[in-house]
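take a look and give me a structure for this.
(one chain, ligands or ions: 2)
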Amino acid sequence: MSQRAYAGRLASRDQASRTGPSRDCEECRRGLRSCHLPRGSVNPLFDQLTCEARPDRLDSRPIHAEVLNLPKRDNPRVATLKEVISCTSDYDPDALPVAKANEVIRSFVHPVSGVEKLRVRAALGRVLAKEVVSPINVPSHDNSAMDGYAVRNDDLGAGEPVTLTEIGTAYAGREFTGEVRRGECVRVMTGAVMPKNTDTVIIQEAVNVEGKRVTIPARQERGQNRRLAGEDLQKGKAALTAGRMLRPADIGLIASLGIGEVSVRRKLKVAFFSTGDELVSVGKKLKAGNVYDSNRYTLWGMLTRLGCESTDLGVVRDDPKELEAAFRKAAAVADAVVTSGGVSVGEADLTRQMMAKLGEVVFWKIAMRPGRPMAFGRIRARGRSAYLFGLPGNPVAVMVTFYHFVRGALLTMMGRTDPDLPLLRAKSETAMRKKPGRTEYQRGILELKNGEWGVRLTGAQGSGILRSMSEANCFVVLGHDQGAINAGDYVEVMVMDGLV
Ligand code: AMP
Ligand code: MG
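Ligands and ions are numbered 1, 2, ... in the order given. The predicted model follows:
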C-alpha cells in the first residue's frame, strides 16, 4: 500500500477544540505565565506581546465553535508511529533521506478537527474548513465591461458602418429600463446592466457621435465587451474549496458573494522551548562559554508567520528532570511541540531515555545539510497528546529543519491541503561543492540578471551562521542524488518570501 493510501486510512485525530472567549489571557489561564500588563504593552520578561495586548484576538473572536463533521474512516484507530514506519520502504533511521522523513511525518500527523465561524475579515490567513458555495451568480447580470454603446448585434452591417439612434443611458447601479428596438442603441458605462435586447458593446472611442446619431464601424463581434452573468462565480458551485489559506483575494471573493461569515479550522497550538546549559536569555549577562538563545526567536517568528498560536516555554537546562517537566507541560497545552537542541549525537541518549517515558519518539540522522539529527513522534501528558519535533540546536539547522519538515506538518495539521512550496529554476553564478547522497539547503540570493534568474550563495554556509539565513532570499535546494554544481548550471531554488 502506498504511503498516501495508507495515510488516507488513518483515523483523524480529534483534539478537543478550546476556542472559548479570548477575554482572558490564555497563557495565564494555563498557569504558564502571569501578565498583568495594560492592554497593548509589551511584557519585558518575555519580550513578546502578551495575549491581553493582542487586539487581533478580540477582532477574531469566534462567532461560535463547532466540531468538523469529518467523513467516517474505515479504521477509526489512530496509527502508532511504529505502524507508520513499518509501512515505509527502505526506512533507515541512521541515514534517512529528506523525502522519507517527510513521508513518515505526513502520514502520521492529522488535521485538528475544531472549527470556528469567523467574520470574513477575521478569517484572513486562516484555513477554510468547509467549501464556500456561491449563493448567487457573480456578476448577477450581464453587464458592460467598457464605457460605450450597447447594441443589438443583428443590426450591425457586415461590411458597411451603420448609424443607430441613442435612446438613453445605463449607469453602473442605474439600469436602463426601456426596451431597445431595431436601429436603436444605449449609451452604457462600465458595470451597467446590459439593456434589454442588446448583446454587444462598442467602445466609445470606436464610434462617431452626432447628437443622438451614433455611427458604428463594420465587423463588430457578437458579445464583445460584455461580461456574462455568473462568468466569475456560478450560483450553486463551490467558489472556494476547503483546505486553503484565505488570502486577500479570497476574503474579497467571499464578500462578493454577500457572505459575512466563514468556517475555518481552529488555530493550531504550538509550544516551543530551547534546551542547553550554555543558553542565556536576552536581557541577561553573557558569561564565558554562554550564547544568547536565538532559536526561540526564530521559532517564534516562523510559528507566528504560519499563523500558529504559540506558547514560549523558555530555556530548559540539559537536565532529565527539567526536560521531562517541560515536555509534559508542552504536551498538555499544545497540538505540537517544537524544541531545539538535545538531539545531537552527544546529547540524544539523555533525551531518548526521557522521551521513552512520555510517548513514542524516533531519533533520526537525516541525509541532509544542515540539520542532520532530529527527533519526531508523539508525546502524552495529562490526558492530551502532541506531536513532537525535536530539532537540532544550531541556529541555521533549526530554521532549515523547521521549513523543510515542521512547516509542512503543521500546515497539514491546520487543515491545509497545499503544504508544499514550489521549486523554481535559476542559473548558478558560482560553482557549488556537493556530494550525492544527501540533500543540501544552501542559503542564496536570487536576482534577475539580463532577463534571467541567477543565484549566488550568501557566503559562509556553516550551520551556526545565522547571518547566512538573514541575508538570503532563497534556499538553493541541491537534491539527494545531485553532485557538484558548475558555474552556469541550473539549480532549484525555493523562494523564502511570497505574495500572500
Ligand atoms: P546542540 O544541538 O544542542 O548540540 O547544539 C548545537 C550548537 O547550537 C551548539 O553550538 C549550541 O550552543 C548551539 N545552540 C543550541 N541551542 C541554541 C539556541 N537556542 N540559540 C543559539 N544557539 C544554540
Ligand atoms: Mg545542546
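
longest strand of the protein?
Across the chain, the longest stretch assigned as strand under DSSP state E is strand 439-449.

what's the burial count for Gly260?
Neighbour count for Gly260, taken as other CB atoms under 10 Å: 11. For every residue, glycine as well, the C-beta is placed using N, CA and C.

ok, now how distant is it from Ala122?
11 Å (CB to CB, to the nearest Å).

any shared contact partners between those two?
The contact sets of Gly260 and Ala122 do not overlap (CB atoms under 8 Å, 6 or more residues apart in numbering).

output the set of residues of the stretch 351-500 of the chain in proximity to ligand 1.
Residues of the stretch 351-500 of the chain lying close to ligand 1 by CB under 6 Å from any ligand atom are Pro392, Gly393, Asn394, Pro395, Gly464.

could you pull out the helices in the stretch 151-300 of the chain for me?
248-256, 295-306 (DSSP state H, counting those that start in this stretch).

next: the stretch 351-500 of the chain.
According to DSSP H, counting those that start in this stretch, the helices that the stretch 351-500 of the chain contains are 395-401, 407-413, 467-471.

pick the most deeply packed of those.
helix 395-401 (a mean of 27; mean count of other CB atoms under 10 Å).

which residues touch that helix?
The contact list for helix 395-401 (CB under 8 Å, 6+ apart) reads 294-295, 298-299, 302, 340, 366, 368, 370-372, 374, 389, 391-392, 441, 443, 462-466, 468-469, 475.

redo that, cut-off 6 Å
When contacts are defined by CB atoms under 6 Å, 6 or more residues apart in numbering, helix 395-401 is touched by residues Ser294, Asn295, Thr298, Ser340, Pro370, Gly371, Met374, Leu391, Tyr441, Ser463, Leu466, Met469.

so the second one makes contact with Ser340?
So that's Asn295. Yes: using CB atoms under 6 Å, Asn295 is in contact with Ser340, at 4.0 Å.

any residues in contact with both of the two?
Ser274, Val398.

roughly how far does Phe402 sit from ligand 1?
As for Phe402, its distance to ligand 1 is 13 Å (criterion: CB to the nearest ligand atom, to the nearest Å).

give me the number of neighbouring residues for the spatially closest residue to that residue that is not a sequence neighbour.
In space, and not counting its chain neighbours, Phe402 is closest to Met302: 5.4 Å by CB to CB, 6 or more residues apart in numbering. By other CB under 10 Å, 21 other residues sit near Met302.

please apply the same query to the one 10 residues further on.
Residues near Asp312, counting by other CB under 10 Å, number 20.

and what of the one 5 residues further on?
The number of residues packed near Arg317 is 13, by other CB under 10 Å.

quick one: pLDDT of it?
Looking at Arg317, its pLDDT stands at 95.

what's the closest non-adjacent residue to it?
Spatially, and ignoring its direct neighbours in sequence, Arg317 is nearest to Asp277 (5.6 Å; CB to CB, 6+ apart).

ditto for Pro135
Pro135's closest residue in space is Leu257 (CB to CB, 6+ apart), at 6.2 Å.

what about that neighbour, how many neighbours?
By other CB under 10 Å, the residues close to Leu257 number 19.

do Thr169 as well
Per other CB under 10 Å, the neighbour tally for Thr169 reads 14.

contact partners for it?
Thr169 sits next to Arg187 when contact means CB under 6 Å, 6+ apart.

and Ile105, by the same measure?
Contacts of Ile105 (CB under 6 Å, 6+ apart): Phe405, Ala409.

how much does the host helix or strand of it deviate in direction from strand 439-449?
Following DSSP states H and E, one finds Ile105 within helix 98-108. On the basis of axes from the mean of the first three to the mean of the last three CA atoms, to 10 degrees, helix 98-108 is oriented at 100 degrees to strand 439-449.

keeping just the C-alphas, turn helix 98-108 into PDB.
Output of helix 98-108 as PDB, limited to C-alpha atoms (Å, rounded to 0.1, in the frame of the first residue of the first chain):
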ATOM      1  CA  VAL A  98      14.600  14.000   3.400                       C
ATOM      2  CA  ALA A  99      11.700  12.700   1.300                       C
ATOM      3  CA  LYS A 100      11.400   9.600   3.500                       C
ATOM      4  CA  ALA A 101      11.400  11.600   6.700                       C
ATOM      5  CA  ASN A 102       8.600  13.800   5.300                       C
ATOM      6  CA  GLU A 103       6.700  10.700   4.100                       C
ATOM      7  CA  VAL A 104       6.700   9.400   7.700                       C
ATOM      8  CA  ILE A 105       5.800  12.800   9.200                       C
ATOM      9  CA  ARG A 106       3.000  13.500   6.800                       C
ATOM     10  CA  SER A 107       1.500  10.000   7.200                       C
ATOM     11  CA  PHE A 108       1.500  10.400  11.000                       C
END
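
after it comes which helix or strand?
Sequence order places strand 114-119 as the next helix or strand after helix 98-108, per DSSP H and E.

how about that following strand: buried residues?
Residues of strand 114-119 classed as buried: Gly114, Val115, Glu116, Lys117, Leu118 (neighbour count, 16 or more other CB atoms under 10 Å).

out of those residues, who's nearest Lys329?
When those are compared for distance to Lys329 (CB to CB), Gly114 wins out at 21.2 Å.

distance check, that closest one against Arg467.
Separation of Gly114 from Arg467 (CB to CB): 40 Å.

need the helices of the stretch 351-500 of the chain in CSV (columns: distance to ligand 2 and mean pLDDT).
Converted to CSV, these look like this (distance: least, CB to the ion, whole Å; pLDDT from 0 to 100):
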stretch, distance to ligand 2, mean pLDDT
helix 395-401, 12, 97
helix 407-413, 23, 98
helix 467-471, 19, 96
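
got JSON lines for the ones you listed, with distance to Thr241 too?
As requested, the helices of the stretch 351-500 of the chain are arranged in JSON lines below (distance: least, CB to CB, whole Å):
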{"stretch": "helix 395-401", "distance to Thr241": "30"}
{"stretch": "helix 407-413", "distance to Thr241": "16"}
{"stretch": "helix 467-471", "distance to Thr241": "34"}
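
between those helices, which gets nearest to Cys87?
Closest approach to Cys87 among those (CB to CB): helix 407-413, 17.4 Å.

chain center to that closest one, what's the gap?
Per CA atoms, centre = their mean, to the nearest Å, the displacement of helix 407-413 from the mean C-alpha position of its chain is 9 Å.

excluding residues flanking it in the chain, which one is nearest Gly178?
Of all residues not flanking Gly178 in the chain, Gly168 sits nearest, at 6.1 Å (CB to CB, 6+ apart).

doesn't Ala122 belong to a helix?
Yes: counting by DSSP: H, G, I helix; E, B strand; the rest coil, Ala122 is found in a helix.

from here on, count from 615
Happy to do that; since the first residue is 615 now, the last one works out to Ala736.

and the gap between it and ligand 1?
Between Ala736 and ligand 1 the computed distance is 33 Å (CB to the nearest ligand atom).

Glu1043 touches Arg1070, doesn't it?
Yes: when contacts are counted by CB under 6 Å, Glu1043 is listed as touching Arg1070 (4.3 Å).

quick check on these two: which one has the bigger neighbour count.
A count of neighbours by other CB under 10 Å puts Arg1070 above the other of Glu1043 and Arg1070, at 19 against 15.
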